[in-house]
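1. generate a structure from the sequence data that follows.
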Amino acid sequence: MDLRPWGLLLALHSLGALFTAAIEVYTPAEVEAANGTDARLKCTFSSSVPVSDKLYVEWTFTPEAGGASVQVFHYQEQPFPPESGTFRGRAIWDGNINKNDVSIVIRDLEHSDSGTFMCQVRNAPDVSGLAGEIQLRVVNKVTWSEMYILALAVGGACVVIVILVLVVVLTRYRMKSRKRSTEISMTESKEKEMVSEKMMDSSDTDI
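-> Purely as a prediction, here's the structure:
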């Protein structure tokens, strides 16, 4: 039996699978970082073909407040940080192509950096596939001065509470002491009266 037609079909099937295979990009859905700190935006990928010098990576950003998307970073044989724009000097390559890692770091975060970062990877001929999306949220950072003020406020409140407790305790103690003193005085007075009465009764009896 002639197997050549089957071999041809298998070759065509393999060739079709090669060109229809989609590259897979993996990113966290959301990253939260404090204002003024650095954030690592992790992006890894898997490809149906070995990584070559044709690998192309592009990072873009869409502000949360709205507006056009801007290019943040791109890689093609080597990293190309932005030469202008808000991410100039702040977007840094932190990937490792040998490990299929194309991550970047955004330094000195600002509130305006909140938005959607997209990581798109192409490894020809494996060029189809969805980009990874990261929702970055930049939150307020508590400064040392704010912490100091907060600590003073909490400490002051604790001191006031302690003083109030001491005042209440001392007031109750004094009231109890006065009550006891009054009871003792009344008891002594009654005892003296009883002694006096007994002495008077004894004098009457002697007469």
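2. so residue 86 makes contact with residue 108?
-> No - using CB atoms under 8 Å, residue 86 makes no contact with residue 108, being 10.8 Å away. Bear in mind the C-beta positions are built from the backbone N, C-alpha and C, glycine included.
3. more neighbours, these two?
-> Under the criterion of other CB atoms under 10 Å, the comparison of residue 86 against residue 108 puts residue 86 first, with 15 against 11.
4. so what's the more buried one up against?
-> Under the criterion of CB atoms under 8 Å, 6 or more residues apart in numbering, the neighbours of residue 86 are 70, 112-113.
5. in CSV, list those along with pLDDT, neighbour count and secondary structure.
-> Below are these laid out as CSV (pLDDT from 0 to 100; neighbours: other CB atoms under 10 Å; DSSP: H, G, I helix; E, B strand; the rest coil):
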residue, pLDDT, neighbour count, secondary structure
70, 94, 16, strand
112, 94, 11, helix
113, 96, 22, helix
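6. those into TSV, with extra columns for distance to residue 51?
-> Formatted as TSV, the contacts of residue 86 follow (distance: CB to CB, whole Å):
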residue	distance to residue 51
70	27
112	34
113	29
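7. ok, those residues vs residue 46, which is closest?
-> Among the contacts of residue 86, residue 70 lies closest to residue 46 (CB to CB), at 27.4 Å.
8. ok, the nearest residue to the closest one once chain neighbours are set aside - contacts?
-> Nearest in space to residue 70, with sequence neighbours left out and distances taken as CB to CB, 6 or more residues apart in numbering, is residue 61 at 5.5 Å. Going by CB under 8 Å, 6+ apart, residue 61 touches 69-70, 72, 87, 113, 115-118.
9. per-residue pLDDT of residue 61, please?
-> Note on residue 61: pLDDT of 97.
10. give the pairing partners of the host helix or strand of it; include direction for each.
-> For residue 61, the element it lies in under DSSP states H and E is strand 55-63. Strand 55-63 has the following strand partners under DSSP bridges: strand 70-76 (antiparallel), strand 115-123 (antiparallel).
11. any idea of the mean pLDDT in the longest one?
-> Summarised as a single mean, pLDDT over strand 115-123 is 96.
12. next SSE downstream of it?
-> Past strand 115-123, the next helix or strand by DSSP H and E is strand 132-139.
13. next, the buried residues of that following strand.
-> Using 16 or more other CB atoms under 10 Å as the test for burial, strand 132-139 gives 132-134, 136, 138.
14. quick one: low-confidence parts of this structure?
-> 1-21, 142-153, 181, 183, 185, 188-189, 191, 195-207 (pLDDT under 70).
15. for the protein, which segments count as strands?
-> For the chain, strands defined by DSSP state E occupy the ranges 24-26, 30-34, 39-41, 44-46, 55-63, 70-76, 79-80, 91-93, 104-106, 115-123, 132-139.
16. in contact with the nearest residue to residue 116 once chain neighbours are set aside: list those residues for me.
-> Spatial nearest neighbour of residue 116, chain neighbours left out: residue 62 (4.6 Å); criterion: CB to CB, 6+ apart. Neighbour list for residue 62: 68-69, 115-116, 118 [criterion: CB under 8 Å, 6+ apart].
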